[in-house]
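> pasting a predicted model and its sequence here:
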Amino acid sequence: MISNLIFVISVSFHHLLSKKKQTILVITGVAVGSMVMILTFALTQGIIDEIQNKIIEVSPLISIKGEKVHGKERLLLKSSPNSSEHFYISSRIIPDEKKEIKPYTKVISILDAIKEIDAVAPFVQTQGVLRYRTLYRPVVVKGIIAQRERKIAKLETNIVKGNLEELNYTKDGIILGSVLAKKLKCGYHNLVQLTGENGEIYNLKVVGIFSSGFTATDENLCYVNISLAQRINDFANNVVSGIGIHTVSLEVVNQVSPVIENLTGYKAQTWEEANENLITLFKRNNNITIFFVIFVFIVAGFGIANVLITIVLQKQKDIAIMKSMGVSNNSIKLIFLSDGMILGIIGAVIGMIAGYLLTNFIASLPFSYGESAVIRSEHIAMTQTVKSYIIVAVFSILISAISSYIPARRAAKLKPVEILRA
């Protein structure tokens with residue numbers, strides 16, 4: 001068994017070495033395919049990871065926004081008392097019902113009792129128009145309690161000018177997104193005017209500028225004190241429009257969400273549910289990219305098949321002699337299968353090493369997606385996983401085996417008598 005295996009491998013290497021140029025070209029093709037696939041896996045996974053990390057940084061892991069799990073019942077139609085048929089049609093959907101949480105302190109006390117939750121922050125969200133000198137921008141205004149909000153998201157670390165603490169002691173303070181501040185040509189400690197949904201104008205002082213890396217967030221969102229947002233929204237002191245929640249780990253988010261709904265009666269939304277469309281879009285694009293990269297491997301597979309068919313045609317006499325000496329058809333088939341497998345394995349190993357080095361090099365380069373991109377970063381996001389290397393190795397070996405099967409079967413079917421007579 002071992003001697004037969006040594007014989008098969010030695011003959012395989014002899015075949016490949018006799019066609020050095022073609023062997024090198026095929027190995028290069030497999031290596032390029034492996035390298036491109038490693039880079040594609042690293043880039044696509046890196047983009048998804050960066051998006052998810054930034055979402056987690058700037059938003060609560062779970063949020064409730066004043067929508068009841070079971071809404072108030074509303075009578076739509078009722079049968080007449082004199083009718084022979086009795087019916088009662090109702091609805092729990094009330095379009096003009098104001099979504100609010102009250103008293104929010106009671107809901108917070110319920111949430112604080114859940115051991116998987118380590119931070120809770122109420123907020124009031126509204127819309128308005130921000131003005132600085134002659135420039136206007138529509139904005140989303142989020143009223144927060146600074147001490148609580150810092151435990152929910154990384155707003156404090158994302159502030160590039162000023163600080164979150166300043167919002168605490170500045171009643172008329174406002175924190176702007178970096179893109180919003182740039183478009184308004186507004187800076188730190190400048191005075192701006194906010195026109196709320198109620199039509200009133202509020203004179204505010206810029207006490208901070210933050211940069212989350214999400215262009216949509218940095219362009220449209222600003223933070224104020226929760227008491228100011230309540231005034232703009234005509235809310236009482238015990239009313240908020242939502243509560244942000246942070247759990248002890250990401251793993252428990254989906255477990256805690258239904259518990260929150262049962263205990264509070266308000267609908268809970270996880271960070272994945274809130275950003276499902278964005279994440280799905282990028283995942284779909286990544287799958288399409290990987291699908292096209294697979295064709296690089298298929299082209300490399302044709303190269304392997306081409307080399308092996310050439311070897312079979314040129315080594316017919318050698319095959320006839322080996323068969324006449326007692327070498328079995330299975331051994332002949334195994335020799336040519338080994339040729340393909342050797343090409344695939346060597347190419348995959350070289351490609352994976354090159355892919356690893358190139359991925360690290362690209363990740364280290366300074367790069368900007370530009371301010372119009374969905375996310376902004378100083379580097380190209382690359383994430384390498386053991387799973388991606390296993391997939392590339394298995395796929396390259398599989399393509400090599402499939403590509404070498406037909407030439408190997410053809411070699412095994414050759415009849416030595418006919419070859420020697422010819």
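Nice, thanks for sending it over.

> what residues of the helix or strand hosting residue 166 count as buried?
Element membership of residue 166 [criterion: DSSP states H and E] is helix 165-168. The neighbour-count check on helix 165-168 (16 or more other Cβ atoms under 10 Å) flags 166, 167 as buried. In this view, the C-beta of every residue, glycine as well, is placed from N, C-alpha and C.

> kindly report the same for stretch 351-370.
Those would be 351, 352, 354, 355, 356, 358, 359, 362, 363, for stretch 351-370 by 16+ other Cβ under 10 Å.

> packing partners of the helix holding residue 166?
Packing partners of helix 165-168 (3 or more Cβ pairs under 8 Å, 6 or more residues apart in numbering; DSSP states H and E): helix 146-149, strand 173-177, strand 201-210, strand 221-225.

> nearest to residue 243 among the buried residues of stretch 351-370?
Relative to residue 243, the closest of those is residue 363; by Cβ to Cβ it sits at 37.7 Å.

> my read is the closest one is in a strand, agree?
No - with DSSP: H, G, I helix; E, B strand; the rest coil as the criterion, residue 363 is assigned helix and is not in a strand.

> show me what contacts it?
By Cβ atoms under 8 Å, 6 or more residues apart in numbering, the contact set of residue 363 is 46, 379, 380, 381, 382.

> so which of the residues you listed comes closest to residue 237?
residue 381 (43.3 Å).

> wait, the closest one touches residue 46, no?
Yes - in this structure residue 381 lies within contact range of residue 46 using Cβ atoms under 8 Å: 3.5 Å.

> distance check, the most centrally placed residue in the chain against residue 294.
Nearest to the mean C-alpha position of the chain, by Cα atoms, centre = their mean, lies residue 48 at 2.0 Å. To residue 294, residue 48 is 19 Å away according to Cβ to Cβ, to the nearest Å.

> same check on residue 252?
37 Å.

> now the strands for the chain?
62-68, 74-78, 88-91, 117-132, 135-144, 159-162, 173-177, 191-196, 201-210, 221-225, 242-247, 266-270 (DSSP state E).

> next, the buried residues of the fourth one.
By neighbour count with 16+ other Cβ under 10 Å, strand 117-132 contains the buried residues 117, 119-126, 128, 130-132.

> and the protein, what are its domains?
The chain breaks down into these domains under automatic domain parsing: 2-56+278-421, 64-270.

> check the average confidence over stretch 60-80, would you?
For stretch 60-80, mean pLDDT rounds to 70.

> among the strands of the chain, which is the most enclosed?
strand 173-177 (a mean of 25; mean count of other Cβ atoms under 10 Å).

> what angle sits between that strand and strand 221-225?
160 degrees (axes from the mean of the first three to the mean of the last three Cα atoms, to 10 degrees).

> what are the pairing partners of strand 173-177, and which direction each?
strand 201-210 (parallel), strand 221-225 (antiparallel) (DSSP bridges).

> which one of the ones you listed lies nearest to residue 184?
Nearest to residue 184, of those and by Cβ to Cβ, is strand 201-210 at 9.4 Å.

> chain center to the closest one: distance?
33 Å (Cα atoms, centre = their mean, to the nearest Å).

> CA atoms only for that strand - export them in PDB, please.
In PDB, the C-alpha atoms belonging to strand 201-210 read as follows (Å, rounded to 0.1, in the frame of the first residue of the first chain):
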ATOM      1  CA  ILE A 201     -37.600  79.100  17.800                       C
ATOM      2  CA  TYR A 202     -34.900  78.100  20.400                       C
ATOM      3  CA  ASN A 203     -31.500  79.800  20.600                       C
ATOM      4  CA  LEU A 204     -28.900  77.100  21.400                       C
ATOM      5  CA  LYS A 205     -25.200  77.000  22.000                       C
ATOM      6  CA  VAL A 206     -23.000  74.300  20.300                       C
ATOM      7  CA  VAL A 207     -21.300  72.500  23.200                       C
ATOM      8  CA  GLY A 208     -19.900  69.600  21.200                       C
ATOM      9  CA  ILE A 209     -19.400  68.000  17.700                       C
ATOM     10  CA  PHE A 210     -19.400  64.300  17.300                       C
END
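
> alright, that wraps it up for me.
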